[in-house]
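A.B. asks: Following is a predicted model, sequence given first.
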Amino acid sequence: MNKYIKELTEYLQPLEDSERDEVINFYQEYLEDGGFDYYEACVTELGSSKQLARKVLADYSIKSLDDPQNGSSASRQRRAPKAQVKTIWLIILALLSTPVTIPIAIVVFAMLFAIIAIGAAIVVSIIAVVLAFIVTVLVAIFIGFSLITVNFWPGMFYLGAGVTGVGLTLIGIPIIIWIIRWLIRGVLSISKWLYAKIKHRDKAQERGAHK
């Protein structure tokens with residue numbers, strides 16, 4: 001049992017000390033009360049330490065995102081996209097560790113893969129279009145400055161087009177950021193829904209729920 005708890009502690013390093021201690025104490029107490037003294041017995045009862053840790057990390061990450069008291073509103077908004085992407089990844093790892101039947105696993109992972117692939121393709125496409133547009137704007141400005149002393153009106157045309165492009169870029173960037181954040185939130189919502197549908201509470205959690 002000590003080996004199992006030690007491994008679980010190492011896998012739960014991303015958690016805060018207080019959260020990790022709470023989890024470790026809970027499962028250690030369960031294993032001690034149940035008489036699961038041997039490593040193999042612990043794995044049979046709760047799954048491998050890595051599987052259990054992935055599920056715990058996903059649960060805590062979801063709980064942290066959903067907690068309205070987790071920092072100020074401004075700080076939550078600043079770290080939201082990064083935290084959401086991290087949660088999506090932890091959910092995927094937890095789902096990969098969840099014992100489900102083969103057909104269900106195929107459907108779930110196919111859905112997740114399709115959603116993430118589509119979202120990533122949209123984001124990459126948006127970034128590529130923005131970069132191409134910025135390059136075009138810079139070229140237009142360069143041509144405008146090059147022509148203005150030789151041929152004034154064509155030079156002004158290119159400069160005007162370049163300045164207009166700069167304005168459109170400044171307007172478009174916040175919109176693009178909003179779209180990317182919306183896509184991340186959408187993928188997160190679907191991932192949380194899938195996770196809630198197929199995850200199972202281990203025997204220790206079942207016992208805790210019925211206390």
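C.D. replies: Structure's in. What do you need?
A.B. asks: drop to CA atoms for contacts and neighbour counts, all remaining ones
C.D. replies: Fine.
A.B. asks: Roughly how far does the residue lying farthest from the centre of the chain sit from residue 159?
C.D. replies: Residue farthest from the centre of the chain, counting by C-alpha atoms, centre = their mean, is residue 150 at 53.5 Å. Distance, residue 150 to residue 159, using C-alpha to C-alpha, to the nearest Å: 14 Å.
A.B. asks: repeat for residue 51
C.D. replies: The spacing between residue 51 and residue 159, counted by C-alpha to C-alpha, is 59 Å.
A.B. asks: cool, and residue 172?
C.D. replies: Computed as C-alpha to C-alpha, the residue 172 to residue 159 distance reads 20 Å.
A.B. asks: So which of the two has more stuff around it?
C.D. replies: Counted by other C-alpha atoms under 10 Å, residue 172 and residue 159 do not tie: residue 159 has more neighbours, with 24 against 13.
A.B. asks: Which strands and helices lie in contact with the helix or strand in which the more buried one is found?
C.D. replies: Per DSSP states H and E, residue 159 falls inside helix 152-198. The contact analysis (3 or more C-alpha pairs under 8 Å, 6 or more residues apart in numbering; DSSP states H and E) places helix 152-198 against helix 73-96, helix 102-147.
A.B. asks: center of this structure - which residue?
C.D. replies: Nearest residue to the geometric centre of the chain (C-alpha atoms, centre = their mean): residue 85, 1.8 Å.
A.B. asks: Low-confidence stretches in the protein?
C.D. replies: By pLDDT under 70, the low-scoring segments of the chain are 68-79, 98-105, 199-211.
A.B. asks: from memory residue 155 sits against residue 144, does it?
C.D. replies: Yes: in terms of C-alpha atoms under 8 Å, residue 155 counts as a neighbour of residue 144; the distance is 4.1 Å.
A.B. asks: which ones are touching residue 97?
C.D. replies: Shown in contact with residue 97 (C-alpha atoms under 8 Å, 6 or more residues apart in numbering): 51, 54, 55.
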